[in-house]
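> 3D model of this:
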Amino acid sequence: LGLTRGFLLAGAGNVISTLWTVGDAACATLMADLHARLARGEAPTAALCAAQRALASTHPHPYHWAAYTVNGRG
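Below is the predicted model of the structure:
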């Protein structure tokens with residue numbers, strides 16, 4: 001079992017994870033934006049997509065923003 005699947009089997013509704021190692025600064029920026037959006041009630045997939053677009057405007061290389069995925073109910 002992978003970590004993501006383990007969390008889902010344990011009852012997590014959604015798991016946001018990365019497909020590769022990401023840089024700390026860009027990750028911190030994306031996560032702050034993502035969690036603010038989730039706190040406002042946005043769906044995880046919509047919140048992640050918007051946070052990725054915002055990060056891509058300042059860090060255009062996909063390495064910084066394309067690694068993130070939502071698994072679960074979305």
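
> point out where the protein drops to low pLDDT.
For the chain, the stretches with pLDDT under 70 are 1, 74.

> can you give me the strands for it?
Along the chain, counting by DSSP state E, strands occupy 14-18, 68-72.

> contact partners of the first one?
The reference is to strand 14-18. With contact meaning Cβ atoms under 8 Å, 6 or more residues apart in numbering, strand 14-18 is reached by 3-4, 7-8, 34, 44, 48, 67-74. Placement of C-beta: from N, CA and C, glycine included.

> include distance to Ala25 and mean neighbour count when you put the strands of the chain into JSON lines, please.
Listed next are the strands of the chain as JSON lines, based on distance: least, Cβ to Cβ, whole Å; neighbours: other Cβ atoms under 10 Å:
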{"stretch": "strand 14-18", "distance to Ala25": "15", "mean neighbour count": "16"}
{"stretch": "strand 68-72", "distance to Ala25": "15", "mean neighbour count": "16"}
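
> out of the contacts of strand 14-18, which is nearest to Val22?
Nearest to Val22 out of the contacts of strand 14-18 is Ala67 (Cβ to Cβ; 5.2 Å).

> residues contacting stretch 67-74, please?
Here stretch 67-74 has contacts from 4, 8, 12-20, 22, 30, 43-45, 48, 52, using Cβ under 8 Å, 6+ apart.

> buried ones from these, can you make that a PyMOL selection?
Here is the PyMOL command that selects only those of the contacts of stretch 67-74 that count as buried (16 or more other Cβ atoms under 10 Å):
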select buried, resi 4+8+14+15+16+22+30+44+48+52
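
> with just CA atoms, put stretch 38-47 into CSV.
The C-alpha trace of stretch 38-47 is given here as CSV (Å, rounded to 0.1, in the frame of the first residue of the first chain):
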residue,chain,number,x,y,z
LEU,A,38,-10.3,25.1,1.4
ALA,A,39,-11.1,27.1,4.5
ARG,A,40,-13.5,29.2,2.4
GLY,A,41,-15.3,26.1,1.4
GLU,A,42,-13.9,25.4,-2.1
ALA,A,43,-13.9,21.8,-3.2
PRO,A,44,-10.4,20.2,-3.0
THR,A,45,-10.0,19.8,-6.7
ALA,A,46,-11.1,23.3,-7.5
ALA,A,47,-9.0,24.8,-4.7
